[in-house]
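Undergrad: Compute the structure for the input listed below.
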Amino acid sequence: MQSLLSVRGRGAKVLPLRHNVRQMSSKKDHISETPATQFLRKHAVIFSEHPYPYEEHGGTRVSARELGVDEHAVVKTLVMQDEAAKPMLVLMHGDRKVSTKNLARQIGCKSVEPCKPEVANRHSGFLIGGTSPFGTRKVMPVYVEAGILDLPKIYINGGRRGFLIGIDPAVISAVLPSKAVHCALEE
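TA: Residues are numbered from 1 along each chain as shown. As a prediction, this is how the structure comes out:
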């Protein structure tokens, strides 16, 4: 019998899946599989698909505008590295930036910096602008801005430019090796 990962509240539990409860748009709007959507389906996670017209260097401002949602609920996935060049993912509100000093202090590193695009691609398997924390090429630690976990729903990249997925933020803690941090700065 298949199962469904329920992530209501803070705990996660597995429930029997009686029918397909995944929120999908019509067949013509369906987006082809990505490593991220494959990962989520493998873990029986409920998600909604949100394609939008991608704009180069538009960032979360454009995706929030196109989807008609608050930019604070759009989560960006950043590939960063510590002083030893060990990669990590940082999940941040779309309308905030990462304080690398605060992040480094909280995770016990000397420094943290963004990876160069080609290095980020090598670690994640995704192009810049299409990076998802789900289904990455390498398993990396995931640091989540704590406020993200308090939101009722988040929109995060689905593994392709111009494609976000809507999920309950508790999914992050349930299926990824993640840790909550406080490193947001107002942009």
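Undergrad: shouldn't V98 be in contact with L78?
TA: Yes - look at V98 against L78 with CB atoms under 8 Å: they come within range, at 6.5 Å. C-beta coordinates here come from the backbone N, C-alpha and C atoms, glycine included.
Undergrad: got a pLDDT number for R96?
TA: We have a pLDDT of 97 for R96.
Undergrad: Past the longest strand anywhere in the chain, which element shows up next along the chain?
TA: When the chain is parsed with DSSP state E, its longest strand is strand 74-82. The element immediately downstream of strand 74-82 (helix or strand, assigned by DSSP states H and E) is strand 87-93.
Undergrad: quick revisit: which residues are in contact with both of V98 and L78?
TA: Common neighbours of V98 and L78 are listed as 90, 92 (criterion: CB atoms under 8 Å, 6 or more residues apart in numbering).
Undergrad: Output the contacting helices and strands for the longest strand of the chain.
TA: Using 3 or more CB pairs under 8 Å, 6 or more residues apart in numbering; DSSP states H and E, the elements in contact with strand 74-82 are helix 59-67, strand 87-93, helix 100-107, strand 112-114, helix 117-124, strand 154-160.
Undergrad: Identify the neighbouring strands of the last one in the sheet and state each direction.
TA: Paired with strand 154-160 in the same sheet, following DSSP bridges, are strand 74-82 (parallel), strand 163-167 (antiparallel).
Undergrad: Nice, that's everything, thank you.
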